[in-house]
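Peer 1: How does the following fold in three dimensions:
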Amino acid sequence: MRITCLRRDDAGDGKEVLASFLRTVGAVARYGRMTIYEGDVYYVPYSMVPYYIEETGETYVFIASKVSEDISVFKQDDRNQISLTELEAEEDYILDAVRVQEELLPEIEKKINMNRRMRKLFAKYHVTRAQERTVYLPEQTFYGRGRGDHLFLVDLLLQKVDFRNLCQVEERFARHYITSL
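Peer 2: Below you'll find the model as predicted:
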């Protein structure tokens, strides 16, 4: 299946992001020392909604997960080199959307209104919302063995371990495992 992916041009290594997380005090207390094994890449559907500020020329891009309650915003500038790329992905690794666009736009507006800086920015300038579109974030899975076995999902766009979309990946992973027996 052909999909559009949202990627960070300077994305690091997912294993490094996970290792950094596992060195935090909370992670050490919960998981202990672990051996990490690289797994498959899953594609999580997001709704991408860009807002263009006419007076400053800035663009703020909101991405809202169609799988979980995960909304992020980033300013598209020299520090955040984000690009859209087309690629062919196996349907088995593309997560199904469980949330529709109509419920995501009000959540994005709510996030704008809850953030004082964004609220002022949107009130002061002329803001144009561009057409929203569905994009996919490629997220790498890792297996950790330590005080038990754990599955981790790493979001390279935001450089974090992603726990919000993990349930859907675990469900898809279980279906793959069962059908392969």
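
Peer 1: now the helices for the protein?
Peer 2: Along the chain, counting by DSSP state H, helices occupy 14-22, 25-31, 101-114, 116-124, 166-180.

Peer 1: okay if I get these as CSV plus mean pLDDT?
Peer 2: Below are those laid out as CSV (pLDDT from 0 to 100):
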stretch, mean pLDDT
helix 14-22, 92
helix 25-31, 90
helix 101-114, 90
helix 116-124, 90
helix 166-180, 84
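
Peer 1: Check the ones you listed for me and report the most buried one.
Peer 2: helix 14-22 (a mean of 18; mean count of other C-beta atoms under 10 Å). The C-beta positions use only the backbone N, C-alpha and C, and glycine is treated the same way.

Peer 1: What helices and strands are in contact with that helix?
Peer 2: Here helix 14-22 touches helix 25-31, strand 35-53, strand 133-146, strand 148-155, strand 160-161, going by 3 or more C-beta pairs under 8 Å, 6 or more residues apart in numbering; DSSP states H and E.

Peer 1: give me that answer again for 6 Å
Peer 2: strand 148-155 (3 or more C-beta pairs under 6 Å, 6 or more residues apart in numbering; DSSP states H and E).

Peer 1: Which elements pack onto the strand it packs on?
Peer 2: Counting by 3+ C-beta pairs under 6 Å, 6+ apart, strand 148-155 packs on helix 14-22, strand 133-146, helix 166-180.

Peer 1: Count residues in the vicinity of the nearest residue to Tyr52 once chain neighbours are set aside, would you?
Peer 2: Distance criterion C-beta to C-beta, 6 or more residues apart in numbering; nearest residue to Tyr52, sequence neighbours excluded, is Thr128 at 4.8 Å. Neighbours of Thr128 under the rule other C-beta atoms under 10 Å: 10.

Peer 1: now Thr128: how far from Val161?
Peer 2: 34 Å (C-beta to C-beta, to the nearest Å).

Peer 1: backbone phi and psi for Val98, please?
Peer 2: phi -110, psi -10 (degrees, to the nearest 10).

Peer 1: confidence score at Phe62?
Peer 2: We note a pLDDT of 93 for Phe62 in this prediction.

Peer 1: Pretty sure Pro138 sits against Val41.
Peer 2: Yes: Pro138 is within contact range of Val41, at 5.1 Å (criterion: C-beta atoms under 6 Å).
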